[in-house]
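**Student:** Following is a predicted model, sequence given first.
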Amino acid sequence: MRALTWQGTEKVSVETVPDPTIQEPTDAIVRITSTAICGSDLHLYRVLGPYIDKGDVLGHEPMGIVEEVGSGVTNLKVGDRVVIPFNISCGHCWMCQHGLQSQCETTQVTEYGTGASLFGYTKMYGQVPGGQAEYLRVPHADYGPIVVPDDGTPDDRWLFLSDILPTAWQAVQYADVPEGGTLAVLGLGPVGQFAARIGAHLGYRVLAVDPEQVRRDLGAKHGAEVFDLTKDLVPQLVDLTDGRGPDGVVDAVGMEAHGNPVAGFAQRAAGLLPDKLAQKAIETAGVDRLTAVHTAIDLVRRGGTVSLSGVYGGMADPMPMMTLFDKQITIREGQCNVKRWIDDIMPLVQDSSDPLGTLDLTTHRVSLEDAPHMYSVFQKKEDGCVKVVLDPALAAA
């Protein structure tokens, strides 16, 4: 089959690799019909190479058609249309039973002391082949896949259940905004777009921030008050909230180094070291751009909540502990527990009026063969790029 593979820092290519096969009774094989590029894929593209081997298949936002199931899978049948959550969870361990599927005790990567395995996401998370490919082996298919109607509706209506829609839902839930309160969203990439839309749907006043005009325009279209990232942003938004600040702030930016030369240098320098030294540097050094999280802390009202949905990778990043304590700020964060939120989100996705705009996020739908070019476009925010979906059935441009 053809699959998008990691080949080095800022270098990916589509190669012919072996077709996946059933390895365990609870496996399924899915033919991929759509698979998206996630913002966190860009961390692999640029920063986290020391944890990847050349040839690893990337991607963790796939959906498709079930082609084969193992003998232990009774909840799926060949021909089912399914979305695959990005975290691999068993459904029966203590963590899964308590809605913490991202911490699944069956698939935890104990070698690295990390949580549940993820598709297409480094040795730290199991080194499981990902979904930017023609076919995908799905472990624990007796629990994970989400069956969706095979009724001719576009994949984009369902695809984002794999990651970014439940990630945004969890981010807003974790922000703990009171009824009729104010939610700020920092970053209007795909997760930030959905977080803003979810906040508006729940009746919050949404203040959304992004330096890119295209992304601000899209956020405004779905009910957010949008703002450029300026030096006076915090006092400006505080003034708009009776001098207190928003009740909750979602940081949808994370470790992205764009616009921060110090963080960018640290990330690149770590990536140039031999793998073992680079891993140690990332695990013991501050390599993140912290502008977004520091802005969130400054912005949120006293007694409010900062919800981190953006990924951070450094173990020694400096945090303003005095401010956190003085303002009595709650911080909630973590990988999304996808299956925990599906029952809440599914009625909105099924609604023909599309209240969360699942059909209004993808800006680029291209062939799998075009993936290397689109990684670069997405990273550089060129051509108005907000969300890229790969279609293995499309011919290359």
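**Tutor:** Structure received.

**Student:** Return the helix or strand in this structure with minimum mean pLDDT.
**Tutor:** Sorted by mean pLDDT, DSSP states H and E, the helices and strands of the chain end with helix 261-272, the least confident at a mean of 47.

**Student:** Quick check: mean pLDDT of the host helix or strand of I29?
**Tutor:** Secondary-structure assignment from DSSP states H and E places I29 in strand 28-37. Strand 28-37 shows a mean pLDDT of 98 in the predicted model.

**Student:** With stretch 352-372 instead?
**Tutor:** Per-residue confidence for stretch 352-372 averages out to 97 on the pLDDT scale.

**Student:** Over to stretch 234-248?
**Tutor:** Averaging pLDDT along stretch 234-248 yields 97.

**Student:** wait, doesn't E333 sit right on T167?
**Tutor:** No. Taking Cβ atoms under 8 Å as the contact criterion, E333 and T167 are not neighbours in contact, 11.3 Å apart. C-beta here means a position set from N, CA and C on the backbone, and glycine is covered the same way.

**Student:** Give the intersection of the neighbour lists for the two.
**Tutor:** When Cβ atoms under 8 Å, 6 or more residues apart in numbering defines a contact, the residues bordering E333 and T167 alike are S309.

**Student:** in the stretch 1-150 of the chain, which spans are strands?
**Tutor:** 2-8, 11-16, 28-37, 62-69, 81-83, 135-138, 146-147 (DSSP state E, counting those that start in this stretch).

**Student:** of those strands, which approaches L308 most closely?
**Tutor:** Distances from L308 to each of the strands of the stretch 1-150 of the chain were compared using Cβ to Cβ; the shortest belongs to strand 28-37, at 21.3 Å.

**Student:** which residues in the chain form helices?
**Tutor:** In order along the chain, the chain carries the following helices (DSSP state H): 41-46, 94-97, 156-159, 164-175, 190-201, 213-221, 233-239, 261-272, 275-284, 291-299, 321-326, 338-350, 371-380.

**Student:** could I get those helices as JSON lines with mean neighbour count?
**Tutor:** As requested, those are arranged in JSON lines below (neighbours: other Cβ atoms under 10 Å):
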{"stretch": "helix 41-46", "mean neighbour count": "22"}
{"stretch": "helix 94-97", "mean neighbour count": "16"}
{"stretch": "helix 156-159", "mean neighbour count": "22"}
{"stretch": "helix 164-175", "mean neighbour count": "26"}
{"stretch": "helix 190-201", "mean neighbour count": "28"}
{"stretch": "helix 213-221", "mean neighbour count": "18"}
{"stretch": "helix 233-239", "mean neighbour count": "16"}
{"stretch": "helix 261-272", "mean neighbour count": "17"}
{"stretch": "helix 275-284", "mean neighbour count": "16"}
{"stretch": "helix 291-299", "mean neighbour count": "22"}
{"stretch": "helix 321-326", "mean neighbour count": "10"}
{"stretch": "helix 338-350", "mean neighbour count": "16"}
{"stretch": "helix 371-380", "mean neighbour count": "19"}
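
**Student:** With distance to G120 added, can I get these in JSON lines?
**Tutor:** Supplementary listing: these in JSON lines, determined by distance: least, Cβ to Cβ, whole Å:
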{"stretch": "helix 41-46", "distance to G120": "8"}
{"stretch": "helix 94-97", "distance to G120": "21"}
{"stretch": "helix 156-159", "distance to G120": "15"}
{"stretch": "helix 164-175", "distance to G120": "15"}
{"stretch": "helix 190-201", "distance to G120": "17"}
{"stretch": "helix 213-221", "distance to G120": "25"}
{"stretch": "helix 233-239", "distance to G120": "35"}
{"stretch": "helix 261-272", "distance to G120": "19"}
{"stretch": "helix 275-284", "distance to G120": "18"}
{"stretch": "helix 291-299", "distance to G120": "25"}
{"stretch": "helix 321-326", "distance to G120": "34"}
{"stretch": "helix 338-350", "distance to G120": "15"}
{"stretch": "helix 371-380", "distance to G120": "12"}
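
**Student:** Tell me which of those helices approaches T35 most closely.
**Tutor:** That would be, of those and by Cβ to Cβ, helix 156-159, which comes in at 8.0 Å.

**Student:** How far off centre is the closest one?
**Tutor:** With Cα atoms, centre = their mean, to the nearest Å as the basis, helix 156-159 stands 15 Å off its chain's centre.

**Student:** So for it, mean pLDDT?
**Tutor:** Averaging pLDDT along helix 156-159 gives 98.

**Student:** neighbouring contacts of it?
**Tutor:** Residues from elsewhere that reach helix 156-159 (Cβ under 8 Å, 6+ apart): 34, 36, 61, 63, 81, 83, 146, 148, 349, 354, 358-359, 361-362, 389.

**Student:** Write a ChimeraX command that selects only the buried members of those residues.
**Tutor:** The buried residues among the contacts of helix 156-159 can be selected in ChimeraX (16 or more other Cβ atoms under 10 Å) with this line:
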select :34,36,61,63,81,83,146,148,349,358,361,362,389
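
**Student:** biggest separation within the contacts of helix 156-159, which pair?
**Tutor:** Taking Cβ to Cβ as the measure, those reach their widest spread between R81 and L361, a distance of 19.7 Å.

**Student:** picking that back up, and of the helices of the chain, who's closest to M1?
**Tutor:** helix 371-380 (13.9 Å).

**Student:** Contacts for that closest one, please.
**Tutor:** 4, 10, 12-14, 37, 39, 41-42, 45-46, 132, 364, 366, 382-383, 385, 388, 390.

**Student:** now that helix against helix 190-201, angle please.
**Tutor:** Here helix 371-380 points in a direction 60 degrees away from that of helix 190-201 (axes from the mean of the first three to the mean of the last three Cα atoms, to 10 degrees).

**Student:** related to what we said a few turns ago, out of the helices of the chain, which gets nearest to N75?
**Tutor:** Taking Cβ to Cβ as the criterion, N75 comes closest to helix 338-350 out of the helices of the chain, the separation being 12.7 Å.

**Student:** Output the contacting helices and strands for the closest one.
**Tutor:** helix 164-175 (3 or more Cβ pairs under 8 Å, 6 or more residues apart in numbering; DSSP states H and E).

**Student:** As CSV, could you dump the C-alpha coordinates of the helix it packs on?
**Tutor:** Coordinates of each C-alpha in helix 164-175 appear next as CSV, following Å, rounded to 0.1, in the frame of the first residue of the first chain:
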residue,chain,number,x,y,z
ILE,A,164,-9.9,17.7,16.9
LEU,A,165,-13.7,17.9,17.5
PRO,A,166,-13.6,15.9,20.8
THR,A,167,-10.3,17.6,21.7
ALA,A,168,-12.0,21.0,21.3
TRP,A,169,-15.1,19.8,23.3
GLN,A,170,-12.9,18.6,26.1
ALA,A,171,-10.9,21.9,26.1
VAL,A,172,-14.1,23.8,26.5
GLN,A,173,-15.5,21.5,29.2
TYR,A,174,-12.2,21.8,31.1
ALA,A,175,-12.3,25.6,30.8
